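> Provided below are the primary sequence and the corresponding predicted coordinates.
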Amino acid sequence: MSTIFYTFFIFLLFFLCGQIWLFTEDNITMTDIKHVVMFSGGKDSTAMLLLMIEKSMQIDEICFADTGMEFPEMYDHIEKVEKLINRNITKLHIKKNWMYWFSEHEKTRGKNKGQKGYGWCGKSHCRWGTTFKKTAINHYLKNLKKENEIIEYHGVASDEWSRTLKNKGRNIKYPLVDFGFTEKQALQYCYNKGFNWGGLYDNMVRVSCFCCDQKRIGELKWIYNERPELWQRLLNMQSQTKYNFKDNMSLFELNKRFKESETLQGKLF
């Protein structure tokens, strides 16, 4: 009888130890911390990523939200970064695609109910593109958070630290602020590492989607002169929306102005 009891006791002890081990393993998984770099491909997020690697900071994932409307030079830049750091960057895509929301989506409420397309994205209109990028990112992070605690890393330069205030209370870190890196220093750091975005930062105050309506006239003139294939895409987009690119001017009007300036220059020289 004692032998049976002893055997049962040993079996029960091993069983309970196994359950404790499984429970502990679950807890480890649930509280695992993942360090996720939010990578836009611009100078600040690029400098942040490279500096983090240089300083041997933990990076579990690098995420890029792709609208499909970046400059070709930006996509080339992202490939160069991947080759340099020898790891893949996770590409997140917005629901459906850009042109669907731009010209096909039918509005179901509000004063524009029944009309199609949001039109241009940016400060002059509504920043619907930014909203969809955030939605794609949040959906991805939500899945990660099911089994992990997430720490995000955002590329905000030290001279733009006030941008961090909107995320107060969230588990987000800003390495460039901690390192004291300004926008100018971030750009120069990237140049020193061999990244130049095909000259985009030489001609743009801020590098964003090529169809962003916050582009300045001089930046649009550069696209007109140096990236005619993108300018033609912009004209095609203008033909698919009722909204002017600028509040008081369509791209067709701007195209006419650029052509007239070329004719005038031809006459002068």
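Nice, I can see it.

> SS state for residue 241?
Secondary structure for residue 241, judged by DSSP: H, G, I helix; E, B strand; the rest coil, is coil.

> Leaving out sequence neighbours, find the closest residue to it.
If you skip the residues right next to it in sequence, residue 241 has residue 119 as its closest partner in space, 4.4 Å away by C-beta to C-beta, 6 or more residues apart in numbering. The way it works is simple: take the backbone N, C-alpha and C, and place the C-beta from them, glycine included.

> could you say which helix or strand contains the one you found?
For residue 119, there is no host helix or strand (DSSP states H and E).

> so who does it touch?
Contact criterion C-beta atoms under 8 Å, 6 or more residues apart in numbering gives 102-103, 125, 241-243 as the residues in contact with residue 119.

> next one: residue 170
Here residue 170 is in contact with residue 152 (criterion: C-beta under 8 Å, 6+ apart).

> mind checking how far it is from residue 164?
10 Å (C-beta to C-beta, to the nearest Å).

> any idea where the strands of the stretch 1-150 of the chain begin and end?
Along the stretch 1-150 of the chain, counting by DSSP state E, counting those that start in this stretch, strands occupy 32-38, 61-66, 90-93, 148-154.

> Other residues contacting the last one?
Contacts of strand 148-154 with the rest of the structure, by C-beta under 8 Å, 6+ apart, involve 30-38, 45, 48, 52, 59, 141, 144, 164, 167, 170-175.

> Could you rerun that using 7 Å?
By C-beta atoms under 7 Å, 6 or more residues apart in numbering, the residues outside strand 148-154 that reach it are 31-38, 48, 52, 141, 144, 171-175.

> For the next helix or strand along the chain from that strand, which strands pair with it and how are they oriented?
Stepping forward along the backbone from strand 148-154, the first helix or strand reached (DSSP H and E) is strand 172-173. Looking at strand 172-173 with DSSP bridges, its paired strands and their directions are strand 148-154 (parallel).

> Now do the buried residues in the strand it pairs with.
148, 150-154 (16 or more other C-beta atoms under 10 Å).

> Tell me who's in contact with the nearest residue to residue 132 once chain neighbours are set aside.
Of all residues not flanking residue 132 in the chain, residue 94 sits nearest, at 4.1 Å (C-beta to C-beta, 6+ apart). Under the criterion of C-beta under 7 Å, 6+ apart, the contact list for residue 94 reads 67, 132-133, 136.

> swap in residue 39?
Listed by C-beta under 7 Å, 6+ apart, the contact partners of residue 39 are 45, 49, 62-64, 89.

> contacting residues around the closest residue to residue 240 other than its chain neighbours?
Here the nearest residue to residue 240 in space, its sequence neighbours aside, is residue 103; by C-beta to C-beta, 6+ apart that works out to 4.1 Å. Taking C-beta under 7 Å, 6+ apart as the definition of contact, the neighbours of residue 103 are 116-117, 240-241.

> 6 Å instead?
With contact taken as C-beta atoms under 6 Å, 6 or more residues apart in numbering, residue 103 is in contact with 117, 240-241.

> which of those residues are buried?
Neighbour-count burial (16+ other C-beta under 10 Å) applied to the contacts of residue 103 gives 117, 241.
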